[in-house]
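Peer 1: fold the following.
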Amino acid sequence: MTHYLYLHGFQSGPQSLKARETRDFLASSTPLHTFAAPQLSPYPATAIAQLAELIVTQQQPMVLIGSSLGGFYATHLAERFDLPAVLINPAIYPERDLARFLGPQHNPYTGEDYVLTEQHMAELEVIRPESVHAANYWLVLGTEDEVLDWRIAAGYYAGARQSIFNGDDHRLQRWPQCLPALLHVDGRLPQRH
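Peer 2: Coordinates of the predicted model:
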């Protein structure tokens, strides 16, 4: 029995298409697995605290699934708690990518209004791991990602399992093709720190 924890990206939420596809696949595949896709705070330190609390209270083996900014969060958490993670077009340097969004924001999924500041960019820098253990990761990338350069992620996670879809975009249209392989990612109990 494995628990899959899905971490959505920037300006997204638990009702994103990839999150729903993942939830529906797992629900139809086996009743033995559980799935959660929490609505994450738009503020990095708060989101990480929220996720860490979910992880330390989990009593079954876990696999993280992170998309874009959620992939960056999943990397921090995979290293911190020694968990496997599936990363879909993950952000590597989100403090750079999100700098142009400083100021007032509106999340179209939740209707939440909030403000991103330089402090939030600093929070992102602080949680970047100094190194990654390639064996923890399965990287899923699209070569036509219009948001993030897939080559940066491929290099950053060198040595990790990588599925690279030629011509696919940031949404990753071929994500449903990857779902059956989720059942073969071995979950682990989070290491308590």
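Peer 1: going forward, measure contacts between C-alpha atoms and count neighbours the same way
Peer 2: Will do.
Peer 1: so where's the protein shaky on pLDDT?
Peer 2: 192-193 (pLDDT under 70).
Peer 1: give me the most central residue, it.
Peer 2: By C-alpha atoms, centre = their mean, the chain has its centre lying nearest to Gly66, at 1.4 Å.
Peer 1: assumed that one was part of a strand.
Peer 2: Yes: assessed by DSSP: H, G, I helix; E, B strand; the rest coil, Gly66 belongs to a strand.
Peer 1: show me what contacts it?
Peer 2: Tyr6, Leu7, His8, Gly9, Phe72, Tyr73, Ala74, Ala85, Val86, Leu87, Ile88, Pro90 (C-alpha atoms under 8 Å, 6 or more residues apart in numbering).
Peer 1: tally of neighbours for the fourth one?
Peer 2: Around Gly9 sit 23 other residues, with neighbours defined as other C-alpha atoms under 10 Å.
Peer 1: repeat that for the second one.
Peer 2: Residues within reach of Leu7, counting by other C-alpha under 10 Å, total 29.
Peer 1: now do the fifth one
Peer 2: The number of residues packed around Phe72, counting by other C-alpha under 10 Å, is 26.
Peer 1: within the helices and strands, which one has it?
Peer 2: helix 69-81 (DSSP states H and E).
Peer 1: packing partners of that helix?
Peer 2: Under the contact criterion of 3 or more C-alpha pairs under 8 Å, 6 or more residues apart in numbering; DSSP states H and E, helix 69-81 touches strand 3-7, strand 62-67, strand 85-88.
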